[in-house]
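**Student:** need the 3D shape of this:
(2 chains)
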Amino acid sequence: MSNTFLVGNGGGFSGDRVDAPIPVVRSLIARGLPAAMFFETLGERTVALAQLERRRDPELGYEPMLERLLEPILADCVAHRIPILGNFGAANPAAAGRLVARLALRLGLPDCRIAVVTGDDVTASIALDQLPVHEADDSLDMKSARLVSANAYIGAGPLVEALRQGADVVVAGRTSDPALAIAPLVHHFGWSFEDWEKLALGAACGHLLECGSQVTGGVFWDPGCKDIPDPWNIGFPIAEVTAEGGLVITKPEDTGGIVDLRTVKEQLLYELHDPSRYITPDVVLDISGCSVEQVGKDRVAVHGLAGHPAPDTLKVTACFEGTWLGEGEVSVAGPNALARARATADVLLRRMEMRGLPVRVRVDLIGVASVHDSDDGALWRAYRGPEPPEVRIRLAAEGNDRDAVDQASREVLALLCCGTAGTGGARWRVTPRILTRSYLVLRERVPTRVVTRAAREMAGQEVAGATSRAV
Amino acid sequence: MDRIELPLHAVAHSRAGDKGNRCNLSLMPYDPRLWPLLAEQVTEARVLELFRHRGATRVTRYDLPRLQAFNFVVDDVLEGGVNGSLNLDGHGKTNSFRLLSLTVAVPRELAPG
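**Tutor:** As a prediction, the model looks like this:
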């Protein structure tokens, strides 16, 4: 057992830079220490969108970039015994496992061992209406709500089991984000699942790395104020964890980005509420007494982490079909642009009234006030600043009636002829929305299953699956 | 003491995160000597005022003196959150820079040059 273990992250959300894992794996190999890679590609609603995808095609419903992410690194990781873990199985870990198996065969790796972790999908196994509600979208009407997906956030346990079975790739669905980092650490160091201090270390490691570049300069750089080297090539993070409880965040040497006290502090507090109670399925992490120390270039040590016993319950997030969202935009520019934009906004609201469409609407003046504004446009109405060179007018409409929402967004399109002088650049679209409600369920009620097979065996299962579908 | 008014952006940095209809905003001064000053001036009430037009109902500030940071949790600010909001930024990721537009009075010798 080596005293130091490296954890690398290759993706922080579905949509992240697909070439990010390559320098991370190169760096892990060059350092020659035992290591693991993980990918966190599953947002709260991503699993619902993946479930809808799976309904359309039973062999889909996993991370769409999975093959693109793993192809350049899989052979190197297998050769150097660097297991890859990810929740990239999304709504269909079994199909994702088969995809990885096919990829492995194509790369000449028939013995690559792939683990598929299931059990997080509780849609069929648990009656949600009997569970205590944790949090819910206000607008969700349970009488008419149609369930899309229900998944429990499972912990590191089954991921550790997969590593014990010798998995080179662990394909999971809805895991807690930190579990993806906790699992290889528990497996390597042999930590107990009741050693709260050690699990807290793993949870902090996972929390800091789970958003990829967000700890190495992503959503951090602010030109002239917080500059980073080569923001087009930000290195994704690597954590060094020691048996004694040390945690250092760093990144590959040959990349852009930065790891300093500022990036680590921003990510430590990201999406955190009470800093003494960051709840994960494996441990309650407490960073209230935490401090950070720069211990080298792009190297920051994290001290003072504490852990409290894991909760008896797991969080289940259920996603329901929501309303329809319609959006339309047009631009105005040049002399008198602000007055034309304001008048356009007023006309759009007047049109909604005239046509009596059953939708909730909002108008933004992009370039004057939008993302910081309220639904009633308090900020752009009060704006008395300088004349903007251009303004983009945006209408957003929401409702249960798709046609009414579509008609509302098409009112923006009509401005191409009926609008103010010099109106152009219209875009409009209608998209379905998802609503969520989360519950707490006793962890015993969420049994998990781990199946580990060599690629040659797992790829074969795909043929069987395809045959039964054809029948 | 001679003080100058500055936007928080000149002396501190921030990142926003979301959970449902809540937004959390971290706030860290670049110069640790400014932490007590921010603790005094960037109050829950002032931050609530900054987001009241969006429907914010409550702000809770968690102080992390060892990290020289603050964590503000703003309730009901996301107009329904990413699933319900009509705002382009349903996650409220841009809210960190609204916080950084708040002004603070900083002693001249601690103001950035």
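
**Student:** per-residue pLDDT, the residue sitting nearest the centre point of chain B?
**Tutor:** Nearest to the geometric centre of chain B sits B:L99, at 3.9 Å (CA atoms, centre = their mean). For B:L99, the model assigns a pLDDT of 98.

**Student:** report the contact partners of it.
**Tutor:** B:L99 makes contact with B:L8, B:S14, B:A16, B:L25, B:L27, B:V47, B:L50, B:F72, according to CB atoms under 8 Å, 6 or more residues apart in numbering or on different chains. Backbone N, C-alpha and C define where each C-beta goes, glycine included.

**Student:** near the nearest residue to A:D375 once chain neighbours are set aside, how many other residues are there?
**Tutor:** Of all residues not flanking A:D375 in the chain, A:R362 sits nearest, at 4.5 Å (CB to CB, 6 or more residues apart in numbering or on different chains). When neighbours are counted by other CB atoms under 10 Å in any protein chain shown, A:R362 registers 22.

**Student:** could you give the bridge partners of A:R362?
**Tutor:** Listed by DSSP bridges, the beta-bridge partners for A:R362 are A:A396.

**Student:** contacting residues for it?
**Tutor:** A:R362 is in contact with A:D375, A:D376, A:G377, A:L395, A:A396, B:L86, B:N87, counting by CB under 8 Å, 6+ apart.

**Student:** which one of those residues is nearest A:A90?
**Tutor:** B:N87 (26.4 Å; CB to CB).

**Student:** about what we covered before: need the contacts of B:L99 in CSV (columns: pLDDT and neighbour count).
**Tutor:** Shown next, in CSV, are the contacts of B:L99 (pLDDT from 0 to 100; neighbours: other CB atoms under 10 Å in any protein chain shown):
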residue, pLDDT, neighbour count
B:L8, 98, 22
B:S14, 98, 21
B:A16, 98, 25
B:L25, 98, 27
B:L27, 98, 26
B:V47, 98, 24
B:L50, 97, 22
B:F72, 98, 25
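
**Student:** within reach of chain A, which of these are there?
**Tutor:** When contact is defined as CB under 8 Å from any CB of the partner chain, these meet chain A at B:S14.

**Student:** how about the contacts of B:L99, which pair is most distant?
**Tutor:** Farthest apart among these by CB to CB are B:L8 and B:A16. That separation is 13.6 Å.

**Student:** what residues does the stretch 251-400 of chain A have near chain B?
**Tutor:** Residues of the stretch 251-400 of chain A found near chain B (CB under 8 Å from any CB) are A:262, A:265-275, A:287-292, A:304, A:322, A:325, A:360-362, A:364, A:366, A:370-375, A:378-379, A:394, A:396-398.

**Student:** which of the residues you listed count as buried?
**Tutor:** Neighbour-count burial (16 or more other CB atoms under 10 Å in any protein chain shown) applied to these gives A:262, A:265-273, A:275, A:287-288, A:290-292, A:322, A:325, A:360-362, A:364, A:366, A:370-375, A:379, A:394, A:396-398.

**Student:** pull the contacting residues for residue 17.
**Tutor:** Using chain A. A:R17 sits next to A:G11, A:S213, A:I234 when contact means CB under 8 Å, 6+ apart.

**Student:** sorry, I should have been clearer: chain B.
**Tutor:** A:L269, A:Y270, A:E271, A:L272, B:C23, B:N24, B:K93.

**Student:** if you count contacts, what does the lowest-mean-pLDDT helix or strand in chain B end up packed against?
**Tutor:** Ranked by mean pLDDT, DSSP states H and E, the weakest helix or strand in chain B is helix B:81-84, scoring a mean of 79. The contact analysis (3 or more CB pairs under 8 Å, 6 or more residues apart in numbering or on different chains; DSSP states H and E) places helix B:81-84 against strand A:424-442.

**Student:** what about the nearest residue to A:L357 once chain neighbours are set aside, which SS state?
**Tutor:** Nearest residue to A:L357, sequence neighbours excluded (CB to CB, 6+ apart): A:A404, at 4.7 Å. Of the three states, A:A404 takes helix under DSSP: H, G, I helix; E, B strand; the rest coil.

**Student:** isn't A:I234 right next to A:V219, touching?
**Tutor:** No. When contacts are counted by CB atoms under 8 Å, A:I234 is not listed as touching A:V219 (10.2 Å).

**Student:** with neighbour numbers in mind, choose between those two.
**Tutor:** Taking neighbours as other CB under 10 Å, A:I234 and A:V219 compare with A:I234 leading, 24 against 16.
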